[in-house]
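Undergrad: Take this sequence and fold it.
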Amino acid sequence: MRNLLLLLSLVITINANAQVAINTDGTTPDNSAMLDIKSTAKGLLIPRMTLAQRNAIPGPATGLMIYQTDFVTGFYYNSGSSASPAWVISGTGAGWGLAGNSGTLSAVNFIGTLDNVPLTFKVNNQPAGKIDPTNNNTSLGFQTLSSNTTGTSNTAIGNQSLLFNTIGIMNTANGESALYSNTTGNYNTAAGVYSLYYNTYGSANTAIGYRSLYANISGYQNTSVGANALQYNTTGYSNTACGQATLYSNTTGNNNSAFGEAALNVNTTGHDNSANGFFALYLNTTGNGNTANGKNALSNNSTGIENTAVGQYALNYNAIGTYNTANGSESLYSNTDGSYNTAAGFWALHSNVGSFNTSTGANSLEGNTSGTFNAADGGSSLSSNTTGSYNSALGYNAYFTDGTLDNTSCIGFNSGGMVNASNRIEIGNSSVSVIAGQVGFSTYSDERIKDNIKEDVPGLSFISKLRPITYNLNIHRENAMVFKGAKKDDSDRKGKYDIEKIKMTGFIAQDVEKAAKEAGYDFSGVQKPANPDELYSLRYSDFVVPMVKAIQEQQVLIESQQKQIDELKTLIEKMQKE
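TA: I've put the predicted structure just below:
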């Protein structure tokens with residue numbers, strides 16, 4: 001009876017359209033509803049079943065809903081057909097809500113699939129990501145890897161990265177349009193917007209930075225790190241670029257290495273170059289086999305080959321010069337087309353444009369411009385030379401003050417410049433008091449190299465006019481005269497002026513010159529300076545010849561006198577007998 005009363009209390013209204021209302025207040029069903037259930041105390045309970053039971057429903061209708069009680073629990077509806085069901089979880093209960101979720105457990109809650117099929121993401125119904133466990137491809141970003149067919153083990157992150165890849169394998173692209181054009185290239189790594197953008201079948205390239213290796217098509221085994229590094233490389237291979245805009249213009253050059261902002265920036269087809277430093281080998285285009293290490297080293301080189309520059313601004317202005325070696329800050333700084341030069345030391349050959357020069361030591365040959373075949377060893381050696389050639393200097397500050405001399409040599413600290421003349425050798429400075437050797441100096445005297453041989457050397461007529469003297473050198477005054485007040489040597493070293501204490505024996509060059517003139521003798525032992533500010537000098541070995549002649553003349557006189565004496569003795573003896 002109670003059940004009957006309950007049933008009567010439920011008003012079930014069926015209208016002309018067979019609508020059904022279930023309620024306790026007698027209201028009619030809503031016009032839009034086939035079934036209108038109203039309650040303020042109870043809900044609607046639909047069938048509850050396991051995943052296995054759900055999948056066993058024969059021919060489930062599209063839209064059929066159940067509540068799944070195991071695995072990922074929740075309301076599921078068939079979004080497919082009765083022949084091909086596709087169960088989709090509905091609502092936010094156990095699924096992921098559009099406004100987020102709370103109370104999740106990382107061990108049991110996840111986004112993904114329960115079977116071995118790719119997880120796909122889309123935006124505007126376009127591919128926007130896929131995790132493919134079969135081909136080991138991973139992509140995230142609008143249209144990433146969207147053309148891939150058989151390529152495997154690829155990773156693409158960023159809008160349209162690896163967009164056209166088809167069969168390329170083991171590529172990694174990170175950044176918008178990274179490896180955009182790649183189709184068959186393998187083992188490439190691109191990290192940065194537009195990095196390796198045009199690469200199609202080049203392989204084993206690594207590009208890190210905005211537009212790095214941007215234009216590469218088929219080049220392989222290139223490494224670029226930095227924005228715009230190797231940007232225009234197309235087919236060049238085995239290049240390494242590290243730094244913003246390094247090897248920026250390289251197209252087909254191979255085996256180049258550049259480290260530092262804009263290093264080898266303009267290189268196009270040059271190969272086997274190495275640049276390390278800000279703007280090193282910056283303007284090189286086709287030059288090959290160059291090595292630059294230091295800021296602006298070889299920065300203006302264009303076509304020069306086989307140059308080596310180590311140090312800030314070393315070979316800075318070299319353009320077409322070849323086979324030069326510069327080691328030291330600003331060494332060979334101004335060289336443009338000079339070749340086969342070697343400079344080691346700060347500012348060594350700094351102003352050079354000549355060829356075949358060698359300098360070792362800070363500021364050595366620093367003023368040389370067009371001089372050639374010069375050799376300087378020692379700080380500031382041959383530093384004043386400008387256009388002179390075939391000069392040699394050994395020792396700190398060893399140089400002739402005239403920069404236009406040829407075929408000079410100076411040996412020793414502060415040597416050179418006592419007399420500025422070509423074809424001259426000077427040993428030691430004004431403080432040297434002994435030049436010693438195991439044997440005497442030999443001068444070539446072979447008859448075969450002598451012309452116009454004459455016996456016209458005066459003897460007593462020249463020797464008798466000489467004035468042997470003793471004296472002390474005043475090298476204070478000597479240095480003042482030679483260097484005209486400039487302090488070529490301003491050191492206060494021990495024993496610098498000891499030579500002034502030595503009592504010396506010799507001649508005065510002007511006296512010898514006068515004696516020779518009076519004797520009508522063109523004497524080679526006097527070295528007359530080219531100008532009055534330079535010093536006279538004597539070759540004492542040349543005095544031997546007129547002295548021998550004088551002895552010979554004396555011997556003739558002695559023999560003549562002896563003959564006269566003998567004749568007189570004979571006469572006296574004869575007279576005594578008579």
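
Undergrad: Next, D377: phi, psi?
TA: The phi/psi pair for D377 (degrees, to the nearest 10) reads phi -130, psi 110.

Undergrad: That one contacts Y396, correct?
TA: No. Because the distance of 9.5 Å does not satisfy C-beta atoms under 8 Å, D377 is recorded as not touching Y396. Every C-beta, even on glycine, is put in place using the N, C-alpha and C of the backbone.

Undergrad: Mind listing the shared neighbours of the two?
TA: Listed contacts common to D377 and Y396 are G361; contacts here mean C-beta atoms under 8 Å, 6 or more residues apart in numbering.

Undergrad: how close does S392 get to A280?
TA: Distance, S392 to A280, by C-beta to C-beta, to the nearest Å: 32 Å.

Undergrad: more neighbours, these two?
TA: A count of neighbours by other C-beta atoms under 10 Å puts A280 above the other of S392 and A280, at 34 against 19.

Undergrad: Thought K295 was touching that one, still the case?
TA: Yes. Applying C-beta under 8 Å as the test, A280 and K295 come out as touching, 7.2 Å apart.

Undergrad: which helices and strands sit right next to the lengthiest strand in the chain?
TA: Taking DSSP state E as the criterion, the chain has its longest strand at strand 126-132. In this structure, strand 126-132 packs against strand 119-123, strand 137-140, with contacts taken as 3 or more C-beta pairs under 8 Å, 6 or more residues apart in numbering; DSSP states H and E.

Undergrad: Overlap of the contact sets of A280 and K295?
TA: Common neighbours of A280 and K295 (C-beta under 8 Å, 6+ apart) are G260.

Undergrad: Count the residues that sit near L114.
TA: Applying other C-beta under 10 Å, we find 9 other residues in the vicinity of L114.

Undergrad: Actually, L281.
TA: As a burial measure, the neighbour count of L281 was computed by other C-beta under 10 Å and equals 39.

Undergrad: what's the answer for the one 10 residues further on, then?
TA: Here the neighbour count serves as a burial measure; for T291 (other C-beta under 10 Å) it reads 20.

Undergrad: swap in the one 4 residues further on?
TA: Neighbourhood size, K295 [other C-beta under 10 Å]: 20.

Undergrad: you'd agree A343 is in a helix?
TA: No. Going by DSSP: H, G, I helix; E, B strand; the rest coil, the assignment for A343 is strand, not a helix.

Undergrad: which residues touch it?
TA: Contact partners of A343, counting by C-beta under 8 Å, 6+ apart, are 324-328, 331-332, 349, 352, 357-360, 364-365.

Undergrad: Mark which of the residues you listed are part of strands, please.
TA: Counting by DSSP E, the part of the contacts of A343 found in strands is 325-327, 358-360.

Undergrad: Adding neighbour count and pLDDT, write these out as CSV.
TA: Formatted as CSV, these follow (neighbours: other C-beta atoms under 10 Å; pLDDT from 0 to 100):
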residue, neighbour count, pLDDT
T325, 20, 98
A326, 34, 98
N327, 20, 98
T358, 20, 98
S359, 34, 98
T360, 20, 98
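
Undergrad: Only the buried residues of the helix ranked longest in the chain, if you could.
TA: Longest among the helix segments of the chain by residue count, using DSSP state H, is helix 544-577. For helix 544-577, a neighbour-count test (16 or more other C-beta atoms under 10 Å) marks 546-547, 549-550 as buried.

Undergrad: Could you identify the most distant pair in those?
TA: Longest distance between any two of those is 7.2 Å, between M547 and K549; criterion C-beta to C-beta.

Undergrad: Let me see the contact set for G304.
TA: When the contact criterion is C-beta under 8 Å, 6+ apart, the partners of G304 are 287, 290, 298, 318-322, 324.

Undergrad: Just the buried subset of those, please.
TA: When burial is judged by neighbour count using 16+ other C-beta under 10 Å, the buried members of these are 287, 290, 298, 318-319, 321-322, 324.

Undergrad: picking that back up, highest mean neighbour count across the helices and strands packed on strand 126-132, which stretch is it?
TA: Taking mean count of other C-beta atoms under 10 Å as the contact definition, the stretch among the helices and strands packed on strand 126-132 with the greatest mean neighbour count is strand 137-140, which reaches a mean of 22.

Undergrad: So which elements touch the next helix or strand along the chain from that one?
TA: Heading C-terminal from strand 137-140, the first helix or strand you meet, by DSSP states H and E, is strand 155-157. Counting contacts by 3+ C-beta pairs under 8 Å, 6+ apart, strand 155-157 is packed against strand 137-140, strand 172-174.

Undergrad: Dump those strands into a markdown table; add mean pLDDT and distance to E426 as well.
TA: As requested, these are exported to a markdown table (pLDDT from 0 to 100; distance: least, C-beta to C-beta, whole Å):
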| stretch | mean pLDDT | distance to E426 |
| --- | --- | --- |
| strand 137-140 | 97 | 78 |
| strand 172-174 | 98 | 69 |
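
Undergrad: So for A190, which of those sits nearest?
TA: Distances from A190 to each of the helices and strands packed on strand 155-157 were compared by C-beta to C-beta, and the smallest falls on strand 172-174, at 4.8 Å.

Undergrad: Partner strands of the helix or strand following the closest one and their direction?
TA: Sequence-wise, the next helix or strand downstream of strand 172-174 (DSSP H and E) is strand 189-191. Each strand pairing with strand 189-191, determined using DSSP bridges, is listed with its direction: strand 172-174 (parallel), strand 206-208 (parallel).

Undergrad: Would you convert these into a markdown table that also reports distance to V457 and mean neighbour count?
TA: Output for the strands paired with strand 189-191, formatted as a markdown table (distance: least, C-beta to C-beta, whole Å; neighbours: other C-beta atoms under 10 Å):
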| stretch | distance to V457 | mean neighbour count |
| --- | --- | --- |
| strand 172-174 | 93 | 24 |
| strand 206-208 | 84 | 25 |
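
Undergrad: Tell me which of those sits nearest to Q68.
TA: strand 172-174 (38.8 Å).

Undergrad: Low-confidence ranges, this structure, go.
TA: When the per-residue scores of the chain are filtered using pLDDT under 70, the ranges that remain are 1-17, 91-95, 97, 485-488.

Undergrad: All the strands of the stretch 401-550 of the chain, in order from the start?
TA: With strands called from DSSP state E, counting those that start in this stretch, the stretch 401-550 of the chain shows them at 409-411, 425-427, 469-471, 504-506, 526-527, 537-538.

Undergrad: now, of these, which is deepest in the fold?
TA: Ranked by average neighbour count under the criterion mean count of other C-beta under 10 Å, the strands of the stretch 401-550 of the chain are headed by strand 409-411 at a mean of 21.

Undergrad: what sits up against that one?
TA: 391-395, 398-400, 416-417, 424-428.
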